[in-house]
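K.L.:
structure for the following, please:
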Amino acid sequence: MVVLRGEFPSNVYPWLALESRGVEIRWARLDRGFLAPEELRERIDSRTRLVAATFVDWQFGTRNDLGRLASVCRERDVLFCVDGIQGVGALRIDVENAGVDALSCGGHKWLLAPEGCGFLYVSRRVLERIRPVLLGWKSVRDADTYLPYHFELRDDAAKFEPGSPPHLGIHALGGGVELLLEAGADFVETRILELTDLLVEGLRQRGLRVLSPRGPSLSSGIVTFEPGDDPVRLCEELERRGYIVRPRAGGVRVSPHFYNDEDDIGGFLAALDEVRRR
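P.N.:
Model prediction:
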């Protein structure tokens, strides 16, 4: 299988654990978070079974072209599994049209939910090819009939849920999703890109290098820039002023959501100026 070097560990460690079962891991190179279809094609051969990719890179905010990557996978009948946590809720995505076979996503970032609850999407076209690893009473058809035992797995993606769901987390995640749907997916994406464009403009006016690739098919809600100083210390100083940012890839990562506004961007840039002067 193919794994991305530089990806967040959540989309690496589960796959590395399969090496003990004889699975060969091949590493694909990223260019500031971007996975080129040509790079992926070079890593795939007749023995490849799965590609673990990402929708939006966690360090640079680069948006990958899932449709083109999925096309490469389909050429060799390879499963295309996507980590969606840094993009779902901020950017529109049509998993069926993009050719995604499976997409997993935690809810605590752009979906406005607490940690510990998320979702797994599995395309119907590959359901029969994927065998659940964890099985429980919820994995079978007619799960509310406990006896006699009837070990017939469900024919939908719910067969991957082995036990009782985390109801509190689901309700909280549902509230976040309802809010996003009320605002509208088009509006949310447009607003986030407007705010990050404004942020990028302000950073460049200050002579700061923006590490995140920007463009119609690349931009996301994440902007990472080189601060010209210690990024860890800068993040600490900005957090003291009420701006929660993170040191990533030798720079500082900023991620405004649709509920932020121009005043928030201006306030952040003013706080950045103050910290840099000091």
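
K.L.:
so which residues of the stretch 51-200 of the chain form helices?
P.N.:
Listed in chain order, the helices of the stretch 51-200 of the chain (DSSP state H, counting those that start in this stretch) span 66-75, 95-98, 167-183, 185-205.

K.L.:
show me what the longest one packs onto, helices and strands only.
P.N.:
On a contact count with 3 or more CB pairs under 8 Å, 6 or more residues apart in numbering; DSSP states H and E, helix 185-205 meets strand 223-225, helix 262-277. Heads up, the C-betas are built off the backbone N, CA and C, glycines and all.

K.L.:
distance of the residue located most distally from the centre of the chain from residue 140?
P.N.:
Here the chain reaches farthest from its C-alpha mean at residue 148, the gap being 41.5 Å by CA atoms, centre = their mean. Separation of residue 148 from residue 140 (CB to CB, to the nearest Å): 12 Å.

K.L.:
follow-up on the earlier one: need the helices of the stretch 51-200 of the chain in CSV (columns: mean neighbour count, distance to residue 236 and mean pLDDT).
P.N.:
As requested, those are arranged in CSV below (neighbours: other CB atoms under 10 Å; distance: least, CB to CB, whole Å; pLDDT from 0 to 100):
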stretch, mean neighbour count, distance to residue 236, mean pLDDT
helix 66-75, 18, 35, 97
helix 95-98, 14, 38, 96
helix 167-183, 14, 28, 97
helix 185-205, 17, 19, 98
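
K.L.:
tell me where this structure has strands.
P.N.:
Using DSSP state E, the strands of the chain run over 2-4, 26-28, 50-54, 79-83, 102-106, 118-122, 223-225, 246-248, 251-254.

K.L.:
so which of those strands is nearest residue 60?
P.N.:
strand 223-225 (5.4 Å; CB to CB).

K.L.:
neighbouring contacts of the closest one?
P.N.:
Taking contacts as CB atoms under 8 Å, 6 or more residues apart in numbering, the residues outside strand 223-225 that touch it are 59-61, 196, 199-200, 203, 208-212, 248-249, 251-255.

K.L.:
still on that earlier bit, any chance of the helices of the stretch 51-200 of the chain in a markdown table, plus distance to residue 7?
P.N.:
Below are the helices of the stretch 51-200 of the chain laid out as a markdown table (distance: least, CB to CB, whole Å):
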| stretch | distance to residue 7 |
| --- | --- |
| helix 66-75 | 13 |
| helix 95-98 | 18 |
| helix 167-183 | 24 |
| helix 185-205 | 22 |
